[in-house]
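K.L.:
Here's my sequence, what's the structure:
(one chain, ligands or ions: 1)
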Amino acid sequence: MRVLSGIQPSGSLHLGNYFGMMKRMIDYQENHELFCFLVNYHALTTVFDSELLRRQTFEAVCDFLALGLDPEKSVFWVQSDVPEVTELTWILSNVTGMGLLERCHAFKDKTAKGIPANHGLFAYPVLMAADILLFGGEKVPVGKDQKQHLEVAKDIALRFNNAYGETFVVPEPDIEEDFAVVPGTDGQKMSKSYGNNIEIFADEKTLKKKIMGIMTDSTPVDQPKPVEGNILFDLYSLFLDDKDKEKLKERFITPGLKYGDLKKEILAVIWEYFAPYRQEREKIVRDKAYVLKTMQKGANKARQAAAVYLEKAKHNVGLDYRS
Ligand code: AQP
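P.N.:
Numbering: from 1, shown residues only. Modelled structure (predicted):
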């Protein structure tokens, strides 16, 4: 089964990205055909500083490699190294109804938060559909926020197949309920652009500031604490198995728990969990030649896979006028 997903280098990668998508992708590479990529064309919709985009793309590549993505086992590349995806985007645009895009929440949410309403942001789901269909992605691990975009990709694949004959694999979203929406420090979805994120590779001081600043309710210490919708409970649970989650629940409903102490525990858990990856990342970041060579190899593999679906699509719509 071909598992495929991408991530935007639109800021430092955070716990939501990690549990919602990155960790699951890395786990899949053991027994699936994994296609994983950094979507820097997508990031252009919100990042308007060229130097920042370059740096964030390089850093996100290093993050993935440090966290265990194996470029020998998987196909791992940067989106703009396979420009065929933009060609397919245009082809797919012509079977994409305006209404389909107008209904997308992400566009409305981002523009409501002050991100300029440009065409790229509006057409983002078509580029995402091209990302998936160009490589025959069957299963797409994502967080819940991307569910609607996946529905758009499915819809586009079906419309295209209906109009031009069987061309694309119709993809299925793969959402893991436990990690569907990781909350940020303010309780909203953790997001790179909302200032509520907890970065995977933040330095200790920054991480401490973020964790100690998590919003909590004002339940007195001698009262049981609410579990449902509790940011601290949800974040701590990311690192626990079912048995330990039950124990944590018990601590919440037993009077005496201090949120301040719990924050310190969470800080220690996050810091320790990522410690080996942090060390690995320090090595990788210093070896730019290795990183660039790895990405070039990944791009070559991805372009080969892309050619199959692109040629089929171009033939089916009639762009191959020479034949
Ligand atoms: N809070 C989250 N909980 C669970 N999954 C999440 N993802 C993002 N935030 C959470 C998942 O991470 C993958 C990569 O996301 P993306 O960078 O491509 O786009 P996004 O969903 O828009 O992520 P951000 O952090 O919110 O970025 P910005 O602020 O740039 O828009 C996706 O599978 C996503 O579901």
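
K.L.:
What is the neighbour count of Ile198?
P.N.:
Ile198 has 24 neighbouring residues, counting by other Cβ atoms under 10 Å. All C-beta atoms are positioned from the backbone trio N, CA, C, and that covers glycine.

K.L.:
Is it in contact with Ile211, as I believe?
P.N.:
Yes. Counting by Cβ atoms under 8 Å, Ile198 does reach Ile211; the two are 7.0 Å apart.

K.L.:
joint contacts of the two?
P.N.:
Taking Cβ atoms under 8 Å, 6 or more residues apart in numbering as the contact rule, Ile198 and Ile211 both touch Thr185, Ile270.

K.L.:
Not counting its neighbours along the chain, what's nearest Arg303?
P.N.:
Counting by Cβ to Cβ, 6 or more residues apart in numbering, Arg303 lies nearest to Val82, which is 5.4 Å off, once chain neighbours are set aside.

K.L.:
and if you look at Lys297?
P.N.:
By the measure of Cβ to Cβ, 6+ apart, the closest residue to Lys297 outside its immediate chain neighbours is Pro71, 6.8 Å from it.

K.L.:
Enumerate every residue touching that neighbour.
P.N.:
Contacts of Pro71 by Cβ under 8 Å, 6+ apart are Leu65, Thr294, Lys297, Gly298.

K.L.:
The second one contacts Phe64, correct?
P.N.:
No. Applying Cβ under 8 Å as the test, Thr294 and Phe64 come out as separate, 10.3 Å apart.

K.L.:
what do the two both touch?
P.N.:
In contact with both Thr294 and Phe64: Phe76, using Cβ under 8 Å, 6+ apart.

K.L.:
more crowded one of the two?
P.N.:
Taking other Cβ under 10 Å, Thr294 and Phe64 do not tie; Phe64 has more neighbours (23 against 19).

K.L.:
gap between the more buried one and the ligand?
P.N.:
Here Phe64 is placed at a distance of 11 Å from the ligand (Cβ to the nearest ligand atom, to the nearest Å).

K.L.:
how close does that residue sit to Tyr18?
P.N.:
10 Å (Cβ to Cβ, to the nearest Å).

K.L.:
Once you drop chain neighbours, what's closest to the closest residue to the ligand within the stretch 51-200 of the chain?
P.N.:
At 2.2 Å from the ligand, Gly143 is the closest residue in the stretch 51-200 of the chain, using Cβ to the nearest ligand atom. Counting by Cβ to Cβ, 6+ apart, Gly143 lies nearest to Gly20, which is 3.1 Å off, once chain neighbours are set aside.

K.L.:
buried residues in the longest helix along the chain?
P.N.:
Using DSSP state H, we find that the single longest helix of the chain is helix 288-317. Of all the residues in helix 288-317, those buried under the rule 16 or more other Cβ atoms under 10 Å are 291, 294-295, 298-299, 301-302, 305-306, 309-310, 313-314, 316.

K.L.:
what about that helix, average pLDDT?
P.N.:
In this model, helix 288-317 has an average pLDDT of 98.

K.L.:
Please parse the protein into its domains.
P.N.:
In terms of domains, the chain is parsed into 2-181+288-317, 202-273 (source: automatic domain parsing).

K.L.:
okay, the ones you listed in JSON lines with distance to Gln279 next?
P.N.:
Output for the domains of the chain, formatted as JSON lines (distance: least, Cβ to Cβ, whole Å):
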{"stretch": "domain 2-181+288-317", "distance to Gln279": "8"}
{"stretch": "domain 202-273", "distance to Gln279": "12"}
